[in-house]
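Novice: My questions are about this predicted structure, shown below with the sequence.
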Number of protein chains: 2
Amino acid sequence: MNSAKKARLEAAGWKVGTVAEFLELNKQEAAFVEMKLALARCLHALRIRRKLSQSRVAELVGSSQSRVAKMESGDPSVSVDLLLRSVLAIGGSPTEVVRALASRKKLTPA
Amino acid sequence: MNSAKKARLEAAGWKVGTVAEFLELNKQEAAFVEMKLALARCLHALRIRRKLSQSRVAELVGSSQSRVAKMESGDPSVSVDLLLRSVLAIGGSPTEVVRALASRKKLTPA
DNA sequence: ACAAGCTATGTCAAATATGACATATACGCA
DNA sequence: TGCGTATATGTCATATTTGACATAGCTTGT
């Protein structure tokens, strides 16, 4: 790609890089999301096992029911920090967290 | 504790709860910090192994040298999200992350 | 049908995390 | 000594995350 085309694309809001870079970035992002989803599932499973409502979890965590729902659904507005704190707050052990992360599922291609 | 004293303490900015609650909270917080520190050590070790400077890591992560330094030192202003993304960004595998979390050290009492 | 409880989704002001920057310290080398 | 490189630490404007709230859907029981 010549630099004029690169400049045009970037002016239009595109990042320009190699295909390899793109794939690598996606791989990292996928791994990150997978881990987040693993924590989300962990939280949900633990909550069900303990027979707690989302509202009750919210109390224990110091948050709100709506945010707990977003946590369990893997909403992008939820941080790993909050997920981690929440799992611990309802009695999840670090060991359980590690197990959840270790057994994370691969995201299937669309 | 009678409710008058409780009210007085809370007015002065103190949370009132049981000792058990206090200990439990500290346990959760300790577990959380331990995991964060485990990731910080993981990032540092991986960076050294790859012979990268903090500045180079900053480029790969899309951050700055100073933030990378804070990450490795376990600075409280750094999120688990950023630590996780960073480890992955410099080529750490999810497996390595899990291993790091699994081998987290206990914080020793002061 | 209604009521009560649980969960999902959207919005928003306030709280927190962030990159960028300046600057300090330390180390090796010419 | 000075110079370049690497790392640490503080600050700050901005970007992202947060709890709170409203509200809707969905069950279950009466």
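Specialist: That came through, no problem.

Novice: need the residues of chain A near chain B, please.
Specialist: Those residues of chain A that sit near chain B, judged by CB under 8 Å from any CB of the partner chain, are A:28, A:31-32, A:34-35, A:79-81, A:84-85, A:88-89, A:93-94, A:97-98, A:101-102, A:104. Glycine gets a C-beta too; all of them are placed from N, C-alpha and C.

Novice: quick check: longest helix of chain A.
Specialist: The residue-count maximum for a helix in chain A (DSSP state H) belongs to helix A:19-49.

Novice: Does that one pack against any helices or strands, and if so which?
Specialist: Packing contacts for helix A:19-49, counted by 3 or more CB pairs under 8 Å, 6 or more residues apart in numbering or on different chains; DSSP states H and E, involve helix A:54-61, helix A:65-72, helix A:80-89, helix A:94-102, helix B:80-89, helix B:94-102.

Novice: quick one: which of those helices is nearest residue B:40?
Specialist: helix B:80-89 (6.4 Å; CB to CB).

Novice: give me the number of residues near the closest residue to DNA strand C within chain A?
Specialist: When distances are taken as CB to the nearest atom of the strand, chain A approaches DNA strand C most closely through residue A:66, which lies 2.8 Å from it. When neighbours are defined as other CB atoms under 10 Å in any protein chain shown, residue A:66 has 12 of them.

Novice: Tell me the pLDDT of the closest residue to DNA strand D within chain A.
Specialist: Taking CB to the nearest atom of the strand, DNA strand D has its nearest neighbour within chain A at residue A:66, 2.9 Å off. The pLDDT attached to residue A:66 in the predicted structure is 98.

Novice: Send me stretch A:74-94 as CSV with only the CA atoms.
Specialist: Taking only C-alpha atoms (Å, rounded to 0.1, in the frame of the first residue of the first chain), the coordinates of stretch A:74-94 have been written out as CSV:
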residue,chain,number,x,y,z
GLY,A,74,-21.0,-10.4,30.0
ASP,A,75,-22.0,-6.9,29.2
PRO,A,76,-19.1,-4.9,27.8
SER,A,77,-19.6,-2.2,30.4
VAL,A,78,-18.5,-4.5,33.1
SER,A,79,-14.9,-4.8,34.2
VAL,A,80,-13.0,-7.9,35.1
ASP,A,81,-12.2,-6.2,38.4
LEU,A,82,-15.9,-6.0,39.3
LEU,A,83,-16.5,-9.6,38.2
LEU,A,84,-13.6,-10.8,40.3
ARG,A,85,-14.6,-8.9,43.4
SER,A,86,-18.2,-10.1,43.0
VAL,A,87,-17.3,-13.8,42.8
LEU,A,88,-15.2,-13.4,45.9
ALA,A,89,-17.9,-11.4,47.6
ILE,A,90,-20.4,-14.2,47.4
GLY,A,91,-18.0,-16.6,48.8
GLY,A,92,-16.1,-17.9,45.7
SER,A,93,-12.6,-18.9,46.5
PRO,A,94,-9.5,-17.9,44.5
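
Novice: same question for it, mean pLDDT?
Specialist: Stretch A:74-94 carries an average pLDDT of 97.

Novice: what sits up against it?
Specialist: Under the criterion CB atoms under 8 Å, 6 or more residues apart in numbering or on different chains, residues A:33, A:35-37, A:39-40, A:42-43, A:46-47, A:50, A:52, A:57, A:60-63, A:67-68, A:70-71, A:96-97, A:100, B:28, B:31-32, B:34-35, B:79-81, B:84, B:101, B:104 lie in contact with stretch A:74-94.
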